[in-house]
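Visitor: Pasting a predicted model and its sequence here:
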Amino acid sequence: MFSVIFPGQGSQIVGMGRDLFDKYDLVKKLFKEADNTLNFPLSKLILEGPKEELNLTINTQPAIFLISYSIFSVIKNEFNINLNKAKYFAGHSLGEYSALSCAEYLNFSDTIKLLKIRGDAMQNSVPIGEGGMLAILGSKIDSIEKILLDNDNEIKAQIANDNSEGQIVVSGKNTDLEKLINILKSQNIKNIKLPVSAPFHCNLMSKATKIMRKEIEKVNFLNGKNILVSNVTANEILNKDELKNLLIDQIENRVRWREIILKMINNGVNHFIEIGPGKVLSGLVKRINKTVNISTINTETDIKELKI
C-alpha cells in the first residue's frame, strides 16, 4: 500500500524540471499556463534563475508546486501510472497545496494563484530581518516543548515543524531565537539558524492568515479523489469545508510531519512516493521509519523505475 507525498520550501533549485520540460509538450503547456495565470515569467526563473529570485518565497511556493504538478501529470498522462490509487496524499507546508491539486480538490490555475498570494502574504507578515527559524537537531519534541514552556516569560517562540525524530524547527522573532540558542548551547543541544526570510508556521503570520482566509473563501473547492492527511491535525481531512479551514489554520500552526508519516504507516502504508524537486521528505521518512520503501521522483529516469 502506498502514499504520495509532496515537498515544501527548501527543495527548489534552478533548472529543476528541465528534462521533462524539454521532452514533453504537456509540461511546456503547464509552464506556459503558469506564466499566463501569474502574469509573470515563472518558467524562465525556474529554468534559468537567478537563484536569489527563485528563493524568494513569493516565487518559491508556486515554483515547487509547478514542478510537483508537472511530474505528477507526466506520470499519469505519459506513463499511464495511476497514483490516485494511493491510500493517502500529503504534503509538507506548501506541499499540501500540491497534494490537494493532484488529488483534484482544486484546479491548477487556482492553486498556483493561491500559492503566489500565500508566498507574498507570508513574506510580508513580518518585516524582513525581524523573524526567523531555527532547526534543532538530535532532541525529542517533548524536551523542546518543555524548554519553551519553562522560558515562556522571556521567549515567545513556537514549534513550526515536527519533521522527524531529532529534527524540530522553531519559529519566532530573531531576538527570541537568540535567547533560545543560548539556552540550547548551555544544554549542548545542536541547532542551526535556517536561511529563511520569515518565521513561518507561528502566530507572527497572523496577517497572512487574514489574507488567505479571504482568498481561500473565493475559490471553488471540489470533492477530490484521494484522502488527504492534514498538516495541522495529522488526521484525515473529511470534506472540502474542513480542508478550507485547515489550509487557513496551517499558516500559523505546526506542520506535524512526523505524526503524519506515523499515521499513514499505522494504517498500512509501506511505500512512500515523493513527487517534486529534491529528496528532503524521503530523508525525513527514513529517519522516522527505516523499514518502509521510498521512491523519489524528480526525473524521467525516476518515473521509468517507479513500481507500485
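Guide: Yep, that arrived.
Visitor: tell me what the helix or strand bottoming out on mean pLDDT in the chain is packed against?
Guide: Across the helices and strands of the chain, mean confidence by mean pLDDT, DSSP states H and E is lowest for helix 51-54: a mean of 94. Packing partners of helix 51-54 (3 or more Cβ pairs under 8 Å, 6 or more residues apart in numbering; DSSP states H and E): helix 42-48, helix 57-77. For every residue, glycine as well, the C-beta is placed using N, CA and C.
Visitor: Give me the contact list for it.
Guide: If you take Cβ atoms under 8 Å, 6 or more residues apart in numbering as the criterion, helix 51-54 is touched by Gln12, Val14, Leu45, Ile46, Asn59, Thr60, Ala63.
Visitor: Just the pLDDT at the residue lying closest to Asp249 once chain neighbours are set aside, thanks.
Guide: Nearest residue to Asp249, sequence neighbours excluded (Cβ to Cβ, 6 or more residues apart in numbering): Val232, at 4.9 Å. Among the per-residue scores, Val232 holds a pLDDT of 98.
Visitor: Check Val196 too.
Guide: 84.
Visitor: can you tell me which residues contact Cys104?
Guide: That one is not Cys; residue 104 is Glu. Per Cβ under 8 Å, 6+ apart, neighbours of Glu104: Asn84, Leu222, Gly224, Lys225.
Visitor: The residues you listed in strands, which ones?
Guide: Counting by DSSP state E, no part of these is found in strands.
Visitor: Would you write a PyMOL line that selects the buried entries of those?
Guide: Selection command for PyMOL covering only the buried members of the contacts of Glu104, criterion 16 or more other Cβ atoms under 10 Å:
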select buried, resi 224
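Visitor: Pull the most distant pair out of the contacts of Glu104.
Guide: Within the contacts of Glu104, Asn84 and Leu222 form the most distant pair, 13.5 Å apart (Cβ to Cβ).
Visitor: Packed most tightly, which of the helices and strands packed on helix 51-54 would that be?
Guide: Greatest average neighbour count among the helices and strands packed on helix 51-54 goes to helix 57-77 (a mean of 24), per mean count of other Cβ atoms under 10 Å.
Visitor: C-alpha coordinates for the helix or strand just after that helix, CSV please?
Guide: Downstream of helix 57-77, the next assigned helix or strand under DSSP states H and E is strand 88-91. Extracted C-alpha coordinates of strand 88-91, given in CSV (Å, rounded to 0.1, in the frame of the first residue of the first chain):
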residue,chain,number,x,y,z
TYR,A,88,-3.3,8.8,1.1
PHE,A,89,-1.9,12.1,-0.3
ALA,A,90,0.0,14.5,2.0
GLY,A,91,2.4,17.5,1.5
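Visitor: let's number from 28 now, not from 1
Guide: Yep, numbering from 28; the last one is strand 115-118 now.
Visitor: Would you mark the buried spots in strand 115-118?
Guide: Within strand 115-118, the residues scored as buried using 16+ other Cβ under 10 Å are Tyr115, Phe116, Ala117, Gly118.
Visitor: Show me what it is packed against.
Guide: So strand 115-118, by 3+ Cβ pairs under 8 Å, 6+ apart, packs with strand 29-33, helix 122-129, helix 284-293.
Visitor: Just tell me which of these ends up closest to Asp62.
Guide: It's helix 122-129; of the helices and strands packed on strand 115-118, that one is closest to Asp62 (Cβ to Cβ) at 17.4 Å.
Visitor: now the helix or strand Leu161 falls within: mean pLDDT?
Guide: Assigned by DSSP H and E, Leu161 belongs to strand 158-164. Rounded to a whole number, the mean pLDDT of strand 158-164 is 96.
Visitor: How about residues contacting it?
Guide: 171, 184, 187, 193-201, 204, 207-208, 211, 216-221, 223, 225-227, 231.
Visitor: now do stretch 194-207
Guide: Stretch 194-207 is contacted by residues 156-164, 166, 168, 171, 174-175, 178, 181-190, 218, 220-221, 226-229, 231, 311, 314 when judged by Cβ under 8 Å, 6+ apart.
Visitor: picking up where we left off before, okay, now the residue nearest to Asp276: neighbour count?
Guide: 20 (other Cβ atoms under 10 Å).
Visitor: And it, its phi and psi?
Guide: The phi/psi pair for Val259 (degrees, to the nearest 10) reads phi -80, psi -40.
Visitor: Ok, Leu175 next?
Guide: The phi/psi pair for Leu175 (degrees, to the nearest 10) is phi -70, psi -40.
Visitor: Next up, the contacts around it.
Guide: Ile182, Ala184, Gln185, Ile186, Val197, Leu207.
Visitor: Which of those residues fall within helices?
Guide: Leu207 (DSSP state H).
Visitor: Would you state the helices of the stretch 128-277 of the chain in chain order?
Guide: If DSSP state H, counting those that start in this stretch is used as the criterion, the helices of the stretch 128-277 of the chain fall at 135-150, 168-177, 201-213, 233-245, 267-277.
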